[in-house]
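Asker: only geometry, no sequence info:
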C-alpha cells in the first residue's frame, strides 16, 4: 500500500501576462512654479518678483521679473524659459498664473553699494555677504551685479582667526609699517562713524624692502591674501573709481605707482583729490553695481605703494605738491632709520647682518601666512563694532583724541592737525581690535601708539620738504603785492597796468595779469605752483570753474578772465590773504 504524501502538492501558478495598450500615455506631471520673493534693487530703485521653477533635469531655475511685467503670465513664462526652465507655453500658463496671485513669502533688498547700510552702524554690507541684521521681514543682500560687468577686486577667505593671530598678527608687531597697514584696515569702517573725510598713505621706498608685504598684511584682514589680489595702477582712473565704490567703508590697497609712467604726478594728483572727496566723476554710469548718483560715493582709507614719494614725483615734473594733498595722502617711507626692510624692531642678540637675514625670512613667512589666513578677521571685527552700538563713536573718538594729544602738537597749521587725526583713526582701529581680543597679547596699545606715531613723524619729515618752498612763495607774493601799484578797477587800464583791486565787503580782491603773476616768481616754478595751491586751499582764489584744481605743470586751472576796460583779460584773481 503506497504511503501518503507528507506535503500537499499544489500546481505552479503561471502569472497572467498584462496586455499593453499601445495607445496608453503617461500623464504628464503638472508644472510647478512658485513666487519666492519680492526683490528691490536700491541702486536703481527698481523692484522685481522672483519666480522659481525646475529645469528638465530637475534643477531649480530662478528668474527676476520687473514688477511692471510680473503680472503678465506670458512675460513670466518667457523669463523662466530664458533661464532654462522646463515649461511649455500651454501646460504652464495656469501654474504661472497661480504663482502670480500668491503673496511673496520673503522681501529682499539689494543694497546700493557695500559699506555701512544707509550710514547706520547695525548692518555692514560686503560685496559677497552681509554682517549684522535689521529687525523685520526685510532681508538685506549685497549689491546686485549688473550682467557682463566684471569685478575688478575679489575678496576671498581662508584659514581661521586663530591662525591669522598666530602667524600674521604676531609677526606684524616687529614692523611699524606692517602695524600701520594693519591699523589702516581696521580704520576703514570708523571714518563714517567719526564723520572724517577719506584719506590716504603713500608707502614709498626701494624695491624688495617689503612695501607689498606690508600691504598684504592689511589686505589679509579684508580678504586679499596675496600680491596678485591687490589692485594696481594698471587699472584706469575710471576702474579705480569702481574699485573705490567696492571698498566703501573699508581700506583700498593699490600697488606699484611706478606703473603710471613718467608723468605719474599728473595722474596721481587728481586721483588723490578724487579718492579723498569720495565722489565718482563718472557718477557710476558704468558701475557694476549702480547707475544712480546716490550710489556713487565712498568713504575709505587708501594705501598706495611707490618707489618714490609723491613729493618727489611732483618735483620731477617741475612742480610741487598742491596744498591740500599732503593731509589727504601723506608720504611715509617704507623703512625707518636706515633699516634694510620694513622690519624695524630687532629681536635681541642679532647682529646687523643677522637681523637683515631674519627680516627677509619673516617677510616670506608672513606672506605665506597671509595666503593661508585671510578674510576671516574682518567679519569678527565688524560684529564687534556693531555690538558696541551707541558707544562706538565715543570710544573711537577717545582713541583719536588720545593719539593726537600724545603728539604734543603746538603752533602747527591745520594741515598737520588734519593728518594727525587721520593717523589717530588708524590707532583707534588697532585699539578697538585689541579690545575685542582680535589682537591678543603680546599686542599692547602703548606699543601700537608708538609705532603709528613713528610712521606719522617720519611722514612729516618728508612733507616738510615743501614747507620751505611755500613760506618763500608766500613771502614773494606779499612783497610783490606791496611793491606793485594796483589802481581801483574803474581807474585801471588793461594795456598799461599790471592789474587792479576792488573791495568786496570787508575784503580786498586783486586781479593780476596771469603773465605778470608768473613773472613775479621768475624761474621758481615750484614756488608759483605752491602759492596758487595755497590760495586755492584757503578759498581765496577766484576760478571760472569751482571744480578745477591743481594738476600737472600748468597754472591754467587758476586763470580767469574778468572784464577790464571793456576787454576780457587773463588774470589770477584772489582775495588778498591776511596771513603770511
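Answerer: Arrived safely. Predicted, not measured: the structure shown is a model, and the values here were computed from it. Numbers count the residues shown, from 1 in each chain.
Asker: where along the stretch 301-450 of the chain do the helices fall?
Answerer: 310-316, 325-328, 352-372, 377-388, 391-406, 414-435, 445-463 (DSSP state H, counting those that start in this stretch).
Asker: first to last residue in stretch 327-344, what's the distance?
Answerer: For stretch 327-344, the separation between the terminal residues is 25 Å (CA to CA, to the nearest Å).
Asker: buried ones in that stretch?
Answerer: 327-336, 339-344 (16 or more other CB atoms under 10 Å). C-beta here means a position set from N, CA and C on the backbone, and glycine is covered the same way.
Asker: Tell me which of those residues fall in strands.
Answerer: 329, 330, 331, 332, 333 (DSSP state E).
Asker: so how far is residue 301 from the third one?
Answerer: Put plainly, it is residue 331. 15 Å (CB to CB, to the nearest Å).
Asker: where does the stretch 201-350 of the chain dip in pLDDT?
Answerer: Along the stretch 201-350 of the chain, the parts satisfying pLDDT under 70 run over 235-238, 258-259, 279-296, 323.
Asker: Ok, the stretch 51-200 of the chain next?
Answerer: 148.
Asker: quick one, helices of it?
Answerer: Counting by DSSP H, counting those that start in this stretch, the helices of the stretch 51-200 of the chain are 73-82, 89-101, 161-164, 170-172, 176-187, 190-194.
Asker: Which residues does stretch 350-367 contact?
Answerer: Residues from elsewhere that reach stretch 350-367 (CB atoms under 8 Å, 6 or more residues apart in numbering): 167-168, 171-172, 174, 178, 210, 213, 216-217, 226-227, 339-343, 346-347.
Asker: re earlier: out of the ones in strands among the buried residues of stretch 327-344, which is nearest to residue 391?
Answerer: Residue 391 has its nearest neighbour among these in residue 330, at 29.6 Å by CB to CB.
Asker: give me the number of residues near the closest residue to the closest one other than its chain neighbours?
Answerer: Leaving out its chain neighbours, the residue that sits closest to residue 330 by CB to CB, 6 or more residues apart in numbering is residue 459, at 4.3 Å. Residue 459 has 22 neighbouring residues, counting by other CB atoms under 10 Å.
Asker: quick one on the thing from earlier: give me whichever of the helices of the stretch 51-200 of the chain is most buried.
Answerer: Most buried of the helices of the stretch 51-200 of the chain, by mean neighbour count (mean count of other CB atoms under 10 Å): helix 176-187, with a mean of 30.
Asker: Check which helices and strands it sits against.
Answerer: helix 170-172, strand 199-204, helix 211-222, strand 251-254, strand 301-306, helix 414-435, helix 445-463 (3 or more CB pairs under 8 Å, 6 or more residues apart in numbering; DSSP states H and E).
Asker: could you give the angle of it to helix 414-435?
Answerer: 80 degrees (axes from the mean of the first three to the mean of the last three CA atoms, to 10 degrees).
Asker: and helix 176-187, how far out from the chain's middle?
Answerer: On the basis of CA atoms, centre = their mean, to the nearest Å, helix 176-187 sits 15 Å off its chain's mean C-alpha point.
Asker: and what of stretch 418-433?
Answerer: Taking mean C-alpha positions (CA atoms, centre = their mean), stretch 418-433 and its chain are 17 Å apart.
Asker: Let me know which of the helices and strands packed on helix 176-187 is the nearest to residue 495.
Answerer: Closest among the helices and strands packed on helix 176-187, using CB to CB: helix 414-435, at 40.3 Å.
Asker: How far does the closest one sit from its chain's centre?
Answerer: With CA atoms, centre = their mean, you get 17 Å for helix 414-435.
Asker: buried residues in it?
Answerer: Buried, per 16+ other CB under 10 Å, within helix 414-435: 415-416, 418-434.
Asker: ok, now how distant is residue 332 from residue 495?
Answerer: 51 Å.
Asker: Sorry, wrong one. I was asking about residue 128.
Answerer: For residue 128, the distance to residue 495 (CB to CB) stands at 66 Å.
Asker: what about those two, which has more around it?
Answerer: Taking neighbours as other CB under 10 Å, residue 128 and residue 495 compare with residue 128 leading, 14 against 8.
Asker: my guess is the more buried one contacts residue 145, does it?
Answerer: No: counting by CB atoms under 8 Å, residue 128 stays clear of residue 145, with 10.7 Å between them.
Asker: Could you pull out the buried residues of stretch 380-388?
Answerer: Within stretch 380-388, the residues that qualify as buried by neighbour count (16+ other CB under 10 Å) are 381, 382, 384, 385, 386, 388.
Asker: Likewise for stretch 507-524?
Answerer: So for stretch 507-524, counting by 16+ other CB under 10 Å, buried means 509, 510, 511, 512, 513, 514, 517, 520, 521.
Asker: Please flag which of those residues sit within helices.
Answerer: Residues from the buried residues of stretch 507-524 lying in helices, with DSSP state H as the criterion: 514, 517, 520.
Asker: Identify whichever of the helices of the stretch 301-450 of the chain lies nearest to residue 120.
Answerer: Closest among the helices of the stretch 301-450 of the chain, once you apply CB to CB, is helix 377-388, at 9.8 Å.
Asker: relative to helix 211-222, how tilted is the closest one?
Answerer: 50 degrees.
Asker: Which other helices and strands does helix 377-388 contact?
Answerer: Secondary elements touching helix 377-388 (3+ CB pairs under 8 Å, 6+ apart): strand 123-125, strand 130-132, helix 161-164, helix 211-222, helix 414-435.
Asker: which residues are contacting the second one?
Answerer: Think strand 130-132. Residues contacting strand 130-132 (CB under 8 Å, 6+ apart): 111, 117, 122, 123, 124, 140, 141, 142, 379, 382, 383, 386.
Asker: again, 6 Å this time
Answerer: If you take CB atoms under 6 Å, 6 or more residues apart in numbering as the criterion, strand 130-132 is touched by 122, 123, 124, 140, 379, 382, 386.
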